[in-house]
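# Next comes the sequence, and after it the predicted model I'd like to discuss.
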Amino acid sequence: MPKENKQKPIALILAGFDKPDRKTMIKRKKQIIEAYDGDSIYIGKNKFLQTLAGKPVIQYVLDAVYHAKKQGKPLYERIYVYNDIQNFTDVINTKKYDNLIVLQMKQSVGGHLKDFYFNYIDYGRRLDIFFGDTPRITPEDVEWINREYDALLGKAKDYRGAIVHLIYSIVEYQDVAKDTWLPHRLKQFKRGEHKGRHKYFVGFDTFEGRIGNSAAIIKHHSIDPIVEYQIIDFFYGLRKALSPNIFSKILYHLWKTKNFDVIRQVKQRCLQEENFYRAVIDVIERVYKIHLSNFGAYIYHIKKNAAHWENDIDGPKDLKALRARLEK
């Protein structure tokens, strides 16, 4: 096991957005209408600079990360943000944040992570990843999750026995439901085989989950191919797994790699977490023709203030709901 790196961790706030051409825009909007019951979703717009109670959305995240402490000192050595530099600095006084570095957004989540991973962080260095549209997180939330990840990164092992160098968080329905500000995401199926299940949550055998909008890594050679091929976009796409287009792609790759049992679990909304993890690794190895025997990841379940992490802004409906609650 490698020696623990005593340097302060680095924080990365992802807040880029795609600018698709008109044809792609129309196609995506059609898919989103099918997946989100007609609700519009932000595409090609800088939702991170929309205002909430007089502040840009992303500034709530930035303040939470910037004011997080460990033993009375700033938790992070540096904080990086991907967004449009000009627009960002027009609305946020970056001089207030002495360790903030704003990078020009370029492409997808995977593209930004690849750019950062290979240009701004050394091997063995710890990186905590946040998303710029989760305005409910607080410095206490950041401090807590940093401690939780500390106990796992470079220490725990995945289902195959590989040391964990990447953590990807999820939240469970019951933890989100008790404190959500976005109740429209709790919609249930009213009929059919999935009656009582929740439409916007992925069904596992013992819980229903959504993406927790938090991750962490220790830069390690086992992660290199995951970042190089921008495979993080696959994981990020799972948050939109209800889109027929994304759903069909997942099933296609599972079928091509003969993960038939996992296909059954997906269709029945009763995924087994270990089977799901092993199937994802199998799909990635076969599709990208890479070896991940030394790659170890951990699916972390955020149990404390889960709604703070889940309540992100996909579209105007989410923004409107969060504005109403903050005004109270």
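Received, thanks. Remember, it's a predicted structure, so these values are computed and weren't measured experimentally.
# Quick check: phi and psi at the residue nearest to Arg185 when sequence neighbours are not counted.
Leaving out its chain neighbours, the residue that sits closest to Arg185 by C-beta to C-beta, 6 or more residues apart in numbering is Tyr200, at 4.9 Å. From N, CA and C alone the C-beta is placed, and that goes for glycine too. Listed backbone geometry of Tyr200 is phi -100, psi 20, with angles given as degrees, to the nearest 10.
# Report the contact partners of Gly16.
With contact set as C-beta atoms under 8 Å, 6 or more residues apart in numbering, Gly16 has these partners: Tyr82, Asn83, Met105, Lys106, Gln107, Ser108, Val109, Gly111, His112.
# Next step: those residues restricted to strands.
Among these, the subset assigned to strands under DSSP state E consists of Tyr82, Asn83.
# got the contacts of Gly16 as CSV, with pLDDT, neighbour count and distance to His221 columns?
As requested, the contacts of Gly16 are exported to CSV (pLDDT from 0 to 100; neighbours: other C-beta atoms under 10 Å; distance: C-beta to C-beta, whole Å):
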residue, pLDDT, neighbour count, distance to His221
Tyr82, 97, 26, 24
Asn83, 95, 25, 30
Met105, 92, 24, 27
Lys106, 82, 11, 24
Gln107, 74, 16, 24
Ser108, 75, 17, 23
Val109, 82, 20, 22
Gly111, 89, 17, 21
His112, 92, 23, 21
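# and the residue nearest to Arg323 when sequence neighbours are not counted, how far is that from Leu326?
Spatially, and ignoring its direct neighbours in sequence, Arg323 is nearest to Leu52 (5.8 Å; C-beta to C-beta, 6+ apart). When distances are taken as C-beta to C-beta, to the nearest Å, Leu52 and Leu326 turn out to be 5 Å apart.
# ok, those two, which is more surrounded?
Between Leu52 and Leu326, counted using other C-beta atoms under 10 Å, the more crowded position is Leu52 (19 against 15).
# What are the phi and psi values at the more buried one?
Residue torsions, per degrees, to the nearest 10, at Leu52 are phi -130, psi 120.
# quick one, what contacts it?
Contact criterion C-beta under 8 Å, 6+ apart gives Tyr60, Pro135, Leu319, Leu322, Arg323, Leu326 as the residues in contact with Leu52.
# Who is it paired with across the strands?
Per DSSP bridges, the residues bridged to Leu52 are Lys55.
# how near is the nearest residue to His67 once chain neighbours are set aside to Leu152?
Excluding the flanking residues, the one nearest His67 by C-beta to C-beta, 6+ apart is Pro139, at 4.3 Å. In this structure, Pro139 and Leu152 are separated by 21 Å, where distance is defined by C-beta to C-beta.
# Repeat that for Thr138.
According to C-beta to C-beta, Thr138 stands 22 Å off from Leu152.
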